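Novice: dropping the sequence and predicted coords here.
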Amino acid sequence: MTKKTRYPYRSLDATVPMHRRALDATQPMRPLRRMTSPKQRVRAILTALLLAAVALLAAATAVTGSACIFLEWAASQPPRTVLILGIDRRPGQGNVVRSDTLVLASFQPAAPHAALLSIPRDLYVDVPGYGSNRINTAHFWGENETAGGGPALAMQTVTYNFGVPVDHAIRVDFDGFRAVIDAVGGIDVYVEEAIVDDEYPTEDYGTIRIEIPAGLQHMDGETALQYARSRHGSSDFDRAARQQQILSALAERLLQPATWPRLPAVYLAVTSHVDTDMGLGDLLLCTITVLQTGPTGLEQRVIDQDMTQPWTTPSGGAVLLPRWELINPLVQELFFP
């Protein structure tokens with residue numbers, strides 16, 4: 001499938017905004033789901049074992065260069081674009097909240113190519129049906145309209161503004177983040193500068209002091225969450241870069257054969273705590289793509305301060321205006337190589 005047919009409303013002019021695309025907002029996304037019943041949990045474990053077997057075969061094939069039905073199948077598939085939403089949901093609060101983190105991931109198995117793009121939560125864009133607002137409000141407004149509508153409107157908002165069709169969404173809260181990291185046995189992250197935060201926010205709306213030393217650190221779920229969330233002494237752009245470090249370290253951990261016996265527990269953690277509309281085929285495709293590129297081949301970019309301009313709205317809100325003349329070429333590079 002050519003890029004033209006896959007992305008019919010992609011602007012070829014990278015000097016103008018790509019928002020106001022032709023968009024069918026009446027098409028609902030497949031429902032986000034969790035596996036909660038005993039039968040669903042057994043199915044989740046069996047699915048994880050299948051994923052592990054496929055990963056083993058694909059990894060062995062990538063090393064030997066021999067033909068593999070899974071690699072041939074993946075190469076014949078169109079790209080998948082996934083919007084990862086981290087939500088700042090406190091206990092008993094529900095899903096009608098803003099998204100705290102937005103990361104757009106691209107998996108292109110034919111290349112192969114995988115990329116992550118962090119989008120600032122304060123980026124001031126057009127939210128379809130709700131006018132100009134911070135991009136993180138899309139999840140709030142969509143979920144407020146209907147259960148499951150938060151990821152759907154967030155996906156539409158990204159497509160509407162960036163010209164990148166989004167196929168799937170993953171929504172994770174603090175509990176899900178911790179559960180997945182713990183299920184893989186923790187992750188290794190190199191901390192460039194020590195994190196000292198005297199006002200790290202707790203889930204009961206209090207604050208505590210946290211310290212994360214510089215250097216290579218093995219992090220459990222709670223420490224990884226603190227590293228990803230801390231804002232003290234750094235900007236949201238730095239925080240986005242740290243979040244991508246976490247995702248890259250998680251991918252690297254999952255690709256290690258020593259971790260594969262943990263995959264049933266990982267998959268169970270995902271299906272128990274993470275909401276997604278991705279099916280088994282989608283997960284297989286993304287897994288195979290990352291196996292082929294490897295964690296070092298995962299492109300990681302952030303829409304940073306150079307690509308945005310601080311602005312105060314008429315109501316007094318501090319937001320970031322997108323500089324499309326700089327953002328559009330980056331989108332072209334990552335999602336339309």
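Specialist: Structure's in. What do you need? Numbers count the residues shown, from 1 in each chain.

Novice: partners of the biggest strand by length in the chain in the sheet?
Specialist: Longest strand in the chain by number of residues (criterion: DSSP state E): strand 99-108. Strand pairing for strand 99-108, using DSSP bridges, gives strand 80-87 (antiparallel), strand 113-118 (antiparallel).

Novice: could those strands go into TSV alongside mean pLDDT, distance to residue 73 and mean neighbour count?
Specialist: For every residue, glycine as well, the C-beta is placed using N, CA and C. Converted to TSV, the strands paired with strand 99-108 look like this (pLDDT from 0 to 100; distance: least, CB to CB, whole Å; neighbours: other CB atoms under 10 Å):
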stretch	mean pLDDT	distance to residue 73	mean neighbour count
strand 80-87	95	13	22
strand 113-118	96	17	23
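
Novice: please tabulate these in JSON lines, including the columns distance to residue 151.
Specialist: JSON lines is the format used below for these (distance: least, CB to CB, whole Å):
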{"stretch": "strand 80-87", "distance to residue 151": "6"}
{"stretch": "strand 113-118", "distance to residue 151": "17"}
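
Novice: can you tell me the average pLDDT over the longest strand of the chain?
Specialist: Strand 99-108 comes out with an average pLDDT of 95.

Novice: mind jotting down where the strands sit in the stretch 151-300 of the chain?
Specialist: Assigned by DSSP state E, counting those that start in this stretch, the strands in the stretch 151-300 of the chain fall at 168-172, 187-191, 195-201, 207-212, 215-219, 274-276, 298-302.

Novice: show me the residue sitting in the middle of the chain in space.
Specialist: In the chain, the residue lying closest to the centroid (CA atoms, centre = their mean) is residue 84, at 2.7 Å.

Novice: tell me if I'm right that that residue and residue 103 touch.
Specialist: Yes - at 4.3 Å, residue 84 counts as touching residue 103 under the criterion of CB atoms under 8 Å.

Novice: joint contacts of these two?
Specialist: Counting by CB atoms under 8 Å, 6 or more residues apart in numbering, the shared contacts of residue 84 and residue 103 are residue 247.

Novice: thinking again about what came up before, can I get the strands of the stretch 151-300 of the chain in JSON lines including distance to residue 75 and mean pLDDT?
Specialist: Formatted as JSON lines, the strands of the stretch 151-300 of the chain follow (distance: least, CB to CB, whole Å; pLDDT from 0 to 100):
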{"stretch": "strand 168-172", "distance to residue 75": "20", "mean pLDDT": "94"}
{"stretch": "strand 187-191", "distance to residue 75": "29", "mean pLDDT": "97"}
{"stretch": "strand 195-201", "distance to residue 75": "41", "mean pLDDT": "92"}
{"stretch": "strand 207-212", "distance to residue 75": "41", "mean pLDDT": "95"}
{"stretch": "strand 215-219", "distance to residue 75": "35", "mean pLDDT": "97"}
{"stretch": "strand 274-276", "distance to residue 75": "24", "mean pLDDT": "89"}
{"stretch": "strand 298-302", "distance to residue 75": "18", "mean pLDDT": "94"}
